[in-house]
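A.B. asks: give me coordinates for this.
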Amino acid sequence: MAAFEVLCGFVALFLALYYFLKPPQFWEKKNIPGPKPFSVFGNFLPVLTGRRSVGDQMTIFYKQYKHEPVIGLYWQERLVLAINDPDLIKTVLIKDFSKFAHRGLRVNEKTEPLSLHMFSLEPERWRPLRTRLSPIFTSGKLKDMFSLILHCSNTLEKYMEMLVSKNEYIEVRELAARFTTDVIGSCAFGVDMNAMSKTQCRFRDIGKEFFGPSLKQLLKNRFRENFPRIYTFLGYILPTDDTTIFFTNAVLDMIEYRRKNNIVRPDFINTLMDLQDHPEKLSIELTKPLLVAQAFVFFVAGFETSSSTIAHALYELAQHQDLQDKLRNEIKEHYELTNGKWQYENIKNMPILDAVFKETLRKYPPVTVIMRKNTEDYTFEDMKLTIPKNTRIFIPIYAIHRDPDIYPNPDVFDIDRFKESAVAARHPMHYLPFGDGPRNCIGARFAIFQTKIGLIKILRTYKVDVCDQTQIPYINERRTFMLSPQHGLVLKITNVES
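C.D. replies: Below is the predicted model:
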């Protein structure tokens with residue numbers, strides 16, 4: 001009898017292990033193509049272990065199945081549908097957006113109060129916040145902020161003069177990040193962050209920490225994703241981290257100071273104050289963590305995406321001196337037209353600058369994979385494919401931007417890709433650096449002008465060139481969500497007249 005019980009125990013253990021370790025077969029049963037998953041880990045083991053970025057991993061899958069409209073994948077045991085077909089991408093982002101309004105990212109109000117921002121929030125809280133915050137990014141409001149951006153760019157010129165006088169190579173990612181940190185501080189918060197005049201700037205340090213490729217950040221992200229209940233419990237027993245304390249205090253102190261001194265500015269903080277004063281307009285509870293988190297995401301996203309684009313543009317122009325000269329000539333032409341007094345309209349009428357900006361985002365999109373999640377069961381009618389609620393949608397935009405069938409010689413930096421005829425010949429869903437549809441980047445117009453002004457101020461006076469510390473070819477950092485180089489972007493910068 002005992003032997004029989006032991007045998008039954010072994011059989012039960014074997015069946016349990018078989019069930020647990022058996023690769024999922026959902027997509028196979030649906031006849032959806034895709035790579036064979038590993039048990040437990042699915043198709044993203046290199047990403048989960050920090051050995052490959054999600055953008056690079058999706059590029060591998062895209063190359064294998066680029067002629068398929070969709071690819072069936074698994075993030076561990078969770079279903080992922082990667083979409084290659086541009087019409088299906090348009091369906092998800094625009095036509096049937098209401099069914100895919102969730103990004104599929106986790107937020108944790110207790111352990112990470114700053115995660116309650118618009119980029120990650122579920123649709124119920126995202127919609128009213130988006131509606132109330134969108135007006136600050138209109139073209140009219142951007143014109144109001146233009147003078148503030150210009151003021152920071154004048155500081156950038158002085159900062160550049162100091163750096164170049166040292167006759168040392170310059171890490172342009174750090175240069176650009178200090179500029180955009182000051183711009184965000186001025187335009188969004190009405191605060192001079194002095195990132196370009198201080199060796200240490202706490203706000204700049206927060207940005208480095210948030211987007212840095214640290215092992216701590218990797219483990220934190222994996223733990224939040226895979227053990228949400230335990231992660232929440234830790235929020236009750238562990239002290240609040242320094243970044244959350246600092247940023248929360250900074251934002252709430254700004255608001256309190258303005259209220260006491262009756263200060264009104266047309267900026268992001270003033271909009272948050274208006275939300276506090278009129279909570280009935282939101283139809284959701286506006287807690288302090290929710291309020292502060294919106295300021296946090298505007299800060300980190302506002303400086304990181306623009307600084308990354310400035311740095312990547314300089315990196316490419318350093319390798320293409322003829323294009324750099326053409327752009328500098330265009331800048332000087334407009335500088336003379338305005339007698340050095342830049343206007344909002346001038347920036348919009350610079351075709352070479354615009355093409356350089358767009359080609360930089362084509363080759364180096366800050367977000368490499370656009371993510372969504374369906375909020376109910378959904379059927380793609382043309383394919384007769386029904387996916388269950390909470391299926392994650394991955395749109396591999398980094399891979400699409402580098403598809404040679406869409407962009408011939410994709411590793412070549414070629415601004416002719418953005419001539420009118422070339423743009424008209426492409427499907428609009430084949431260029432999505434800011435996403436598309438109702439949940440596209442809310443600050444896209446602000447990012448465009450911030451980036452262009454930064455490039456103008458640097459390139460009018462200075463020449464950028466490669467040096468013996470410039471890493472070529474470019475290698476993607478493996479452990480960051482946003483696209484960034486594994487190495488620094490170090491360039492030689494000299495005065496044009498020298």
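A.B. asks: quick one: low-confidence ranges for the stretch 101-250 of the chain?
C.D. replies: 198-200, 208-219, 221-228, 233-236, 238 (pLDDT under 70).
A.B. asks: which residues in it form helices?
C.D. replies: Taking DSSP state H, counting those that start in this stretch, the helices of the stretch 101-250 of the chain run over residues 123-133, 139-165, 172-184, 202-211, 215-226, 228-237, 242-261.
A.B. asks: after the last one, which helix or strand is next?
C.D. replies: So the one you mean is helix 242-261. Counting by DSSP states H and E, the next helix or strand C-terminal to helix 242-261 is helix 268-277.
A.B. asks: show me what that following helix is packed against.
C.D. replies: In terms of contacts (3 or more CB pairs under 8 Å, 6 or more residues apart in numbering; DSSP states H and E), helix 268-277 is packed against helix 123-133, helix 242-261, helix 288-319. For every residue, glycine as well, the C-beta is placed using N, CA and C.
A.B. asks: out of those, which one sits most buried?
C.D. replies: Greatest average neighbour count among those goes to helix 288-319 (a mean of 24), per mean count of other CB atoms under 10 Å.
A.B. asks: quick one: that one to helix 268-277, angle?
C.D. replies: 160 degrees (axes from the mean of the first three to the mean of the last three CA atoms, to 10 degrees).
A.B. asks: now do helix 288-319, average pLDDT.
C.D. replies: The average of the pLDDT scores along helix 288-319 is 91.
A.B. asks: just to revisit the earlier point, any chance of a markdown table for the helices and strands packed on helix 268-277, columns distance to Phe357?
C.D. replies: Converted to a markdown table, these look like this (distance: least, CB to CB, whole Å):
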| stretch | distance to Phe357 |
| --- | --- |
| helix 123-133 | 24 |
| helix 242-261 | 30 |
| helix 288-319 | 7 |
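A.B. asks: and Met371, which of the ones you listed is closest to it?
C.D. replies: With CB to CB as the measure, helix 123-133 is the member of those nearest Met371 (13.7 Å).
A.B. asks: list of residues touching that closest one?
C.D. replies: Under the criterion CB atoms under 8 Å, 6 or more residues apart in numbering, residues 101-102, 116, 118, 121, 268, 271, 275, 281-284, 290, 294, 375, 438-439, 442 lie in contact with helix 123-133.
A.B. asks: same thing but at 6 Å, please
C.D. replies: Residues from elsewhere that reach helix 123-133 (CB atoms under 6 Å, 6 or more residues apart in numbering): 101-102, 118, 282-284.
A.B. asks: thinking again about what came up before, distance to Asn349 for the helices of the stretch 101-250 of the chain - can I get that in CSV?
C.D. replies: Listed next are the helices of the stretch 101-250 of the chain as CSV, based on distance: least, CB to CB, whole Å:
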stretch, distance to Asn349
helix 123-133, 29
helix 139-165, 14
helix 172-184, 22
helix 202-211, 32
helix 215-226, 41
helix 228-237, 49
helix 242-261, 36
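A.B. asks: of those helices, which approaches Pro408 most closely?
C.D. replies: Taking the helices of the stretch 101-250 of the chain one by one with CB to CB, helix 172-184 is closest: 28.1 Å.
A.B. asks: what angle do that closest one and helix 139-165 make?
C.D. replies: Going by the same axes, to 10 degrees, helix 172-184 makes 140 degrees with helix 139-165.
A.B. asks: and helix 172-184, how far from the chain's centre?
C.D. replies: Its chain's average C-alpha position is 16 Å from that of helix 172-184, according to CA atoms, centre = their mean, to the nearest Å.
A.B. asks: what about Leu142, distance to Lys326?
C.D. replies: Counting by CB to CB, to the nearest Å, the separation of Leu142 from Lys326 is 27 Å.
A.B. asks: which residues does the residue most central in space within the chain contact?
C.D. replies: When CA atoms, centre = their mean is applied to the chain, the residue found nearest the centroid is Val367 (4.2 Å). For Val367, the contact set (CB under 6 Å, 6+ apart) is empty.
A.B. asks: tell me how far it lies from Leu459.
C.D. replies: Val367 is 26 Å from Leu459, by CB to CB.
A.B. asks: that older thread, tell me which of Leu142 and Lys326 has more neighbours.
C.D. replies: Applying other CB atoms under 10 Å to Leu142 and Lys326 shows that Leu142 carries more neighbours, namely 19 against 15.
A.B. asks: now that one. Nearest residue, chain neighbours left out?
C.D. replies: Arg445 (5.7 Å; CB to CB, 6 or more residues apart in numbering).
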